[in-house]
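Undergrad: sequence and predicted model, in that order:
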Amino acid sequence: MAMSVIGAGPDKDRTRFFRLNLVIIDELTPILRDLLHNEIQPTDIFNTVKQKYLKIFRPDEIALISTAKTKSYNDFDITLLYKLLRNVCPNISSPTIKWGLSKMPSQNEITVGDDIERIRLIRNNVQGHITEAAIPETEFQEYWSTISDICTRMQTLLNKDYVRRLKKAEECTIDSETENNYMDKIKQLAKEEEDMKEILLKILEEKELTSKENLNIEAKCGRKRKFVETLTNTSIYILNEMVKSINEMTSESEIDQLYENIEDFMQGNKEEVDNEQFLKLHEKLKRKSHYMQIQTSQIK
């Protein structure tokens, strides 16, 4: 489907930016949700991930996946949907070349995996313009043609009217209220991801994680309190399972050697890395290594 020429100039560039974001949020993201629903029912997704794919996902992602039983995939963003479709759905045909490329698939590469890659790249590229909130006409036309082709193929595959919905998105008015609405949505998506990283960092840095300990981490937003509780519990579960596996499969001497190797690496590279978290981890590792040396000497 060809897109009509909107025009040139700063205002038109801004309109194009928000129209593409409207399509990314309201049309392309639902396509990925429909693809996932077609492969795995929301009631089954958490158990599937827990049984085979736990190590692929971050604790905050697993916490969100656990809500699918009651909320379906409605809160899953493109990042999480992409990871699930790529890693957990064996019936999804892979991209023609491979997953995770930085270049858009060519026009003759039209597997389902190719279209999933296109959606990921379109989202990344378009939202990379957020600082200026503008898309030039030529770039817009290229994106719109690609999105139109995706909708046509997905409509054939999933028997849903994506083409008509894209036509409505083409014709809808983009006024200041719509711009503010979608800018808020873009910023909220970014903020939620940062909030989850902060929560994880708090869990990992400030607590000795045990299965019996209670962690009190308050959500900044009341409606997310239950989600944060689930995230905390999931984080503890995952980390405990990791520690358990290490203890079962690794001897004390091998663990000691691992600490020494990491300590040597961090000691040799800390001057080159201006990163507060790196330095904090280095200090914790030094204390841990010192403690282990004391324990070893007492045993001897």
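TA: In hand now; what should we look at? Predicted model only: the values in this text are computed from it and were never measured.
Undergrad: report how many residues lie close to the residue nearest to Glu179 when sequence neighbours are not counted.
TA: Nearest non-adjacent residue to Glu179, counting by Cβ to Cβ, 6 or more residues apart in numbering: Phe18, 5.0 Å away. The C-beta positions use only the backbone N, C-alpha and C, and glycine is treated the same way. Neighbourhood size, Phe18 [other Cβ atoms under 10 Å]: 21.
Undergrad: quick one: which helix or strand includes Phe18?
TA: Using DSSP states H and E, the element containing Phe18 is helix 10-23.
Undergrad: average pLDDT for that helix?
TA: Helix 10-23 shows an average pLDDT of 86 in the prediction.
Undergrad: may I see the buried residues of that helix?
TA: 12-23 (16 or more other Cβ atoms under 10 Å).
Undergrad: what packs against that helix?
TA: Using 3 or more Cβ pairs under 8 Å, 6 or more residues apart in numbering; DSSP states H and E, the elements in contact with helix 10-23 are helix 112-127, helix 137-158, helix 162-171, helix 176-206.
Undergrad: contacts for the helix or strand that comes right after that helix, please.
TA: Next along the chain after helix 10-23, taking DSSP H and E as the criterion, comes helix 29-39. With Cβ atoms under 8 Å, 6 or more residues apart in numbering as the test, helix 29-39 has contacts from 45, 72-74, 76-78, 81-82, 84-85, 89, 91-92, 112, 116, 119, 150-151, 154, 158, 160, 162.
Undergrad: quick one: mean pLDDT for helix 29-39?
TA: Helix 29-39 carries an average pLDDT of 97.
Undergrad: with just CA atoms, put it into CSV.
TA: Extracted C-alpha coordinates of helix 29-39, given in CSV (Å, rounded to 0.1, in the frame of the first residue of the first chain):
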residue,chain,number,x,y,z
THR,A,29,3.1,-4.4,18.9
PRO,A,30,-0.3,-6.1,18.7
ILE,A,31,0.9,-8.1,15.7
LEU,A,32,3.7,-9.5,17.8
ARG,A,33,1.3,-10.3,20.6
ASP,A,34,-1.0,-12.1,18.1
LEU,A,35,1.9,-14.1,16.8
LEU,A,36,2.9,-15.1,20.3
HIS,A,37,-0.7,-16.0,21.2
ASN,A,38,-0.9,-18.1,18.0
GLU,A,39,2.1,-20.1,19.3
